[in-house]
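Chemist: Kindly return the folded structure for what I paste below:
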Amino acid sequence: MTATEARPRVASGGTNTSGRAGSRTRKPRRGRRATWAWNVLALLIAAMMGFPIYWMLLTAFKPSSDIVTLTPKFWPSNLSWRGFSEVWHDPIFRDDLRNSVVITVAAVAISLVVGFFGALAIARFRFAGRKIFVLVVLVVLVVLVVLVVQIIPLLALTI
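Modeler: Below you'll find the model as predicted:
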């Protein structure tokens, strides 16, 4: 292109300001029925995935008599906070909660300190086999997670 030829000006948003109409290409639109079908499918999947969460939250507010019945009630006859107050006033639950919080905070703190210094050493120092070491660590982490996720249910079935 020579200096005498005029280039069409393009605004920062990517629109053509040269004055020529129809110079922007448009994607063909899907039909309205296809859009509705995909939306309905997405809503069905969302309802299926959200139902266990709904059931868990609903069960938390049900009285004990509604929880143990054989016929499910999708909406309780009366919502109650009694289960929450009973749990919070139970000394065994408070002790277990405190122990869980202490152990979790300690495990996270230790993991962060060890992980930080390990990552700092790997990033800062050059040593033979550094890339292979990082790859092995990543593979071990990924494989262990997959194995644990698969082995725990299998062990639960055999016990």
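
Chemist: how close does residue 54 get to residue 40?
Modeler: As judged by C-beta to C-beta, to the nearest Å, residue 54 and residue 40 stand 19 Å apart. Heads up, the C-betas are built off the backbone N, CA and C, glycines and all.

Chemist: no, scratch that, I was asking about residue 79
Modeler: In this structure, residue 79 lies at 31 Å from residue 40, with C-beta to C-beta as the measure.

Chemist: Likewise for residue 82?
Modeler: Using C-beta to C-beta, we find residue 82 at a distance of 39 Å from residue 40.

Chemist: Next: residue 114.
Modeler: Distance, residue 114 to residue 40, by C-beta to C-beta: 49 Å.

Chemist: same check, this time on residue 150
Modeler: Taken as C-beta to C-beta, the span from residue 150 to residue 40 is 34 Å.

Chemist: And residue 102, by the same measure?
Modeler: According to C-beta to C-beta, residue 102 and residue 40 sit 48 Å apart.

Chemist: and residue 72, which of the three is it?
Modeler: Three-state assignment for residue 72 (DSSP: H, G, I helix; E, B strand; the rest coil): coil.

Chemist: Give me the number of neighbouring residues for it.
Modeler: Neighbour count of residue 72, defined by other C-beta atoms under 10 Å: 9.

Chemist: Show me where the chain has its helices.
Modeler: Using DSSP state H, the helices of the chain run over residues 32-61, 64-67, 82-88, 91-124, 130-158.

Chemist: Go through those helices and find the least confident stretch.
Modeler: Note on the helices of the chain: helix 64-67 shows the lowest mean pLDDT, a mean of 81.

Chemist: send the alpha carbons of that helix over as PDB?
Modeler: The C-alpha trace of helix 64-67 is given here as PDB (Å, rounded to 0.1, in the frame of the first residue of the first chain):
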ATOM      1  CA  SER A  64     -36.500 -34.700  62.900                       C
ATOM      2  CA  SER A  65     -39.800 -36.300  62.200                       C
ATOM      3  CA  ASP A  66     -39.800 -35.000  58.600                       C
ATOM      4  CA  ILE A  67     -36.300 -36.200  58.000                       C
END
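
Chemist: what residues does it touch?
Modeler: For helix 64-67, the surrounding residues in contact (C-beta atoms under 8 Å, 6 or more residues apart in numbering) are 59, 73, 76, 77, 83.
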